[in-house]
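In: got a structure for you, letters missing:
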């Protein structure tokens, strides 16, 4: 009678999940290649920070298990596509309803048309150098000004940009890159004057004085500030989330100028 050999290695799998925040009645849809008990929460810094503060308000449900890694992204996209654009960043912690950033897994077929064009451009040998030496026409400049103006006047766009900025700045790699870019560099008088004039013009159109913040806004600001600490490298000060590791070359505290 032959011996039956069984592998002790567990079959790898992934799953699509949905979180529900009962306090704010907000959802988050995502996927994870791993086990349901490995401690993974999500890839959204916004939702993850909320979970750290209020874990008792969150409940996760597994929507579907998938045993092929590429198929997992397809299944995630199927559920993300159900989210309406106006629900992003409001009813959902999700800020996008497609798989932006997953093209490295050979999933170009599930990218949007815009993403495919962007990817094609980035593969070009002259990527990043096409506009060098070129002068934009006044018509093109005006179109860009109007597009930027809409972004700063539309409340949904403002909120979307704010949430995306928050996600970027909670990424230690992004934060360190920005610090390295700015440390030791001084703006020229012309750059400073241009920036000041730009801000003055913007505040004339959307003045902040006299605008009362809601209690939710005040609480969000207090919560954000309370999670920050000052650090310095002996020359410049910056702030990071207190849960992050202090970057090399920096110490806790603020230098007085």
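Out: Noted; the coordinates are in hand. This structure is a prediction, so every number in the text was calculated from the model and none was measured.
In: Quickly find the element holding residue 38.
Out: Using DSSP states H and E, residue 38 falls within no helix or strand.
In: Can you tell me how far it is from residue 20?
Out: Computed as CB to CB, to the nearest Å, the residue 38 to residue 20 distance reads 20 Å. Any C-beta I mention is one placed from the backbone N, CA and C, and that applies to glycine too.
In: Equivalent analysis for residue 97, please.
Out: According to CB to CB, residue 97 and residue 20 sit 17 Å apart.
In: re the thing from before, in terms of neighbours, single out the busier of residue 38 and residue 20.
Out: Ranked by neighbour count (other CB atoms under 10 Å), residue 38 and residue 20 place residue 20 first, with 14 against 7.
In: How much space separates that one from residue 186?
Out: For residue 20 relative to residue 186 (CB to CB), the value is 49 Å.
In: got it, and residue 173?
Out: 25 Å.
In: for residue 17, same thing?
Out: With CB to CB as the criterion, residue 17 and residue 186 are 48 Å apart.
In: The two: who's more crowded?
Out: residue 17 (21 against 7).
In: Which helix or strand contains residue 50?
Out: Residue 50 belongs to helix 45-53, assigned by DSSP H and E.
In: Next, the buried residues of that helix.
Out: 45-47, 49-51 (16 or more other CB atoms under 10 Å).
In: which residues of the chain fall in helices?
Out: Read by DSSP state H, the chain holds these helices, from start to end of the chain: 45-53, 69-80, 113-123, 138-153, 155-169, 172-182, 189-205, 215-226.
In: Worst mean pLDDT among these?
Out: Note on the helices of the chain: helix 113-123 shows the lowest mean pLDDT, a mean of 59.
In: Can you report how many residues lie near the closest residue to residue 66 other than its chain neighbours?
Out: Closest residue in space to residue 66, ignoring its immediate chain neighbours: residue 72 at 4.3 Å, by CB to CB, 6 or more residues apart in numbering. By the criterion of other CB under 10 Å, residue 72 has 21 neighbours.
In: Now do residue 72 against residue 65, distance only.
Out: 9 Å.
In: Give me the common contacts of the two.
Out: Common contact partners of residue 72 and residue 65 (CB atoms under 8 Å, 6 or more residues apart in numbering): 14-15.
In: my read: residue 33 touches residue 72, true?
Out: Yes: Residue 33 lies in contact with residue 72 (CB atoms under 8 Å); the separation is 6.2 Å.
In: what residues do these two have in common as contacts?
Out: Common neighbours of residue 33 and residue 72 (CB under 8 Å, 6+ apart) are residue 14.
In: Perfect, I'm done here.
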